[in-house]
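1. coordinates only, sequence not included:
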């Protein structure tokens, strides 16, 4: 018996062709799945927001709309719900791009119902990987992040070294993964390394490997990070923490594509896409002698700068939704009240996305209801909310005083200029002690 719409066995079919929907719906109903139809992107987003589905089928050709443009919205609303792409002749390349963006899989028209059922069963049994969810969380609502995403896609197509800059917590590793996932090396290894965690005495062994017996404790041959990432991508975070000596050796590997293990007298070829990131001012490091100029010029061929969260406030609401959805166990997670959201958008986030993610986790665990109110936020945010309220009151008082000054004290005319009733103006004058 088919399950009712909105249950865990329901499938949302996003397609402008109602005949195709009816055909799929009949076939799915015979196999125990209910179906709902969305003929355009607006309806799809509304329905996906309103209720959980077992999966969504998204046609890339939606009349005048591009289904690929709708995909990020669906993934952001319900990151754990698999989206299966339907593609016709001539849109296969777009389908592949959709997979890179986080779609579960794709089907070509005419749709093979048996294959569709396989994908639905597979999707229900395979939770989305943390990395796939992370790639979807590269929210790009702000102009700065949209520009960064476009540039990252262009950089990904080349094999140039990449330098990612930005404050701590802005998501530099996420961008490195995004570049790798959209590169020709996407099916190969991605290896992330935190340079600040490597002791200077171990840097050569960790990066380039060692031979058995090369030093006390070297009981076996060991490949270094460059060899481990061979044919794939090596991301070295906080490259500015490497010593000048180690920087020179890294530059040699980038120029010659060869490494020499500690304790060996011959080189080994390596083919690695190199991505470095830092929260330091490398140009300042060149001036004070802590960073090599030649390595900087080698890395600076393709630079991606991640703006801090305070400079991309448009991204804060969708990031909050994204992280709350990750924490929801039943698909109907919590949400922030409008007052709480105002404070969170107004906050400067010195810890950037890392701080935001941790705050969401705390609020999700401790807030008693489905709505996270201003009082449920950690102390620094409630204090910020009180400061914001005082600032708004001060601003309104000054605006009213200015209107009265410009109208020569004519309260009727001042009220008209302010767009409020005379009674409302008198109430505010009494509240602010202006009378």
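-> Done, it's in. Everything quoted here is computed from the prediction, not taken from an experiment.
2. next up, the contacts around residue 371.
-> The contact partners of residue 371, by Cβ atoms under 8 Å, 6 or more residues apart in numbering, come to 334, 335, 336, 337. For the C-beta atoms, the positions are set from N, CA and C on the backbone; glycine is no exception.
3. if we use 6 Å, what do you get?
-> Contacts for residue 371 were tallied using Cβ atoms under 6 Å, 6 or more residues apart in numbering; they are residue 337.
4. please apply the same query to residue 81.
-> Residue 81 sits next to residue 53 when contact means Cβ under 6 Å, 6+ apart.
5. moving C-terminal from the helix-or-strand element of the chain with minimal mean pLDDT, which element do we reach first?
-> Ranking every helix and strand in the chain by mean pLDDT, DSSP states H and E puts helix 130-136 at the bottom, with a mean of 45. Next helix or strand after helix 130-136 toward the C-terminus (DSSP states H and E): helix 143-157.
6. wait, residue 180 sits on residue 190?
-> Yes - Residue 180 is in contact with residue 190 according to Cβ atoms under 6 Å; the separation is 4.7 Å.
7. common neighbours of those two, please.
-> Joint contacts of residue 180 and residue 190 (Cβ under 6 Å, 6+ apart) are residue 233.
8. where in the stretch 51-200 of the chain is pLDDT low?
-> Residue ranges of the stretch 51-200 of the chain with pLDDT under 70: 89-92, 123-138.
9. can we see that at 50?
-> 126-137 (pLDDT under 50).
10. mind listing the strands for it?
-> 55-59, 61-62, 65-66, 83-87, 105-108, 162-165, 190-194 (DSSP state E, counting those that start in this stretch).
11. sorry, back to before: of residue 180 and residue 190, give the one with the bigger neighbour count.
-> Using other Cβ atoms under 10 Å as the criterion, residue 180 and residue 190 rank with residue 180 on top: 25 against 21.
12. leaving out the residues flanking it, which one is nearest to that one?
-> Among residues not flanking residue 180 along the chain, residue 233 sits closest, at 4.2 Å (Cβ to Cβ, 6 or more residues apart in numbering).
13. quick one, what contacts the one you found?
-> Here residue 233 is in contact with 180, 185, 190, 273 (Cβ under 6 Å, 6+ apart).
14. need those in a markdown table with distance to residue 95, can you?
-> Compiled in a markdown table, the contacts of residue 233 are given as follows (distance: Cβ to Cβ, whole Å):
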| residue | distance to residue 95 |
| --- | --- |
| 180 | 20 |
| 185 | 20 |
| 190 | 23 |
| 273 | 25 |
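15. which ones among those residues are found in helices?
-> residue 180 (DSSP state H).
16. now, the most widely separated pair of the contacts of residue 233?
-> Based on Cβ to Cβ, the longest span within these runs between 190 and 273 and measures 9.2 Å.
17. now do the helices in the stretch 301-435 of the chain.
-> Secondary structure of the stretch 301-435 of the chain (DSSP state H, counting those that start in this stretch): helices located at 316-327, 338-346, 352-366, 379-406, 411-418, 422-431.
18. any idea which of those is most buried?
-> Among the helices of the stretch 301-435 of the chain, the stretch with the highest mean neighbour count (mean count of other Cβ atoms under 10 Å) is helix 316-327, at a mean of 20.
19. which neighbouring elements make contact with it?
-> Judged by 3 or more Cβ pairs under 6 Å, 6 or more residues apart in numbering; DSSP states H and E, helix 316-327 is in contact with helix 352-366.
20. what average pLDDT does the helix it packs on get?
-> On average, the pLDDT along helix 352-366 is 88.
21. pull out the buried residues from the strand or helix carrying residue 251.
-> Residue 251 belongs to helix 244-256 when elements are defined using DSSP H and E. Neighbour-count burial for helix 244-256 flags 246, 247, 249, 250, 251, 252, 253, 254 (criterion: 16 or more other Cβ atoms under 10 Å).
22. helices and strands around it, which ones?
-> Using 3+ Cβ pairs under 6 Å, 6+ apart, helix 244-256 is in contact with helix 293-299.
23. and with 10 Å instead?
-> Applying 3 or more Cβ pairs under 10 Å, 6 or more residues apart in numbering; DSSP states H and E, one finds that helix 244-256 contacts helix 203-208, helix 225-228, strand 258-259, strand 273-278, helix 293-299.
24. nearest to residue 35, of those?
-> strand 273-278 (42.6 Å).
25. quick one: strands adjacent to the closest one?
-> Using DSSP bridges, the strands paired with strand 273-278 in its sheet are strand 162-165 (parallel), strand 233-237 (parallel).
26. starting at the chain centroid, how far to it?
-> Relative to its parent chain, strand 273-278 has a centroid offset of 18 Å by Cα atoms, centre = their mean, to the nearest Å.
27. now stretch 23-34
-> So, by Cα atoms, centre = their mean, the centroid of stretch 23-34 is 34 Å from its chain's centroid.
28. next one: residue 58 from residue 256, what distance?
-> Distance, residue 58 to residue 256, by Cβ to Cβ, to the nearest Å: 46 Å.
29. repeat that for residue 427.
-> Taking Cβ to Cβ, one finds residue 427 at 77 Å from residue 256.
30. now residue 303
-> 23 Å.
31. how about residue 328?
-> In terms of Cβ to Cβ, residue 328 sits 50 Å off from residue 256.
32. do the same with residue 360
-> Here the criterion is Cβ to Cβ. By it, residue 360 lies 46 Å from residue 256.
33. any chance you could list what contacts stretch 401-411?
-> 413-418, 420, 422, 425-426, 429, 432, 434-435 (Cβ atoms under 10 Å, 6 or more residues apart in numbering).
34. repeat the analysis, applying 6 Å as the threshold.
-> 413, 414, 417, 418, 425.
35. just name the closest of these to residue 204, please.
-> Nearest to residue 204 among these is residue 418, at 70.2 Å by Cβ to Cβ.
36. ok, now which ones touch that closest one?
-> residue 403.
37. how about residue 271?
-> residue 231 are the contacts of residue 271 under Cβ under 6 Å, 6+ apart.
38. going forward, begin numbering at 41 instead of 1
-> Okay, using 41 as the starting number, the last item reads as residue 311.
39. helix/strand/coil for it?
-> Here residue 311 is recorded as coil under DSSP: H, G, I helix; E, B strand; the rest coil.
40. just to revisit the earlier point, quick one, which of the helices and strands packed on helix 284-296 is packed in tightest?
-> strand 313-318 (a mean of 25).
41. model confidence over it, on average?
-> Rounded mean pLDDT across strand 313-318 is 96.
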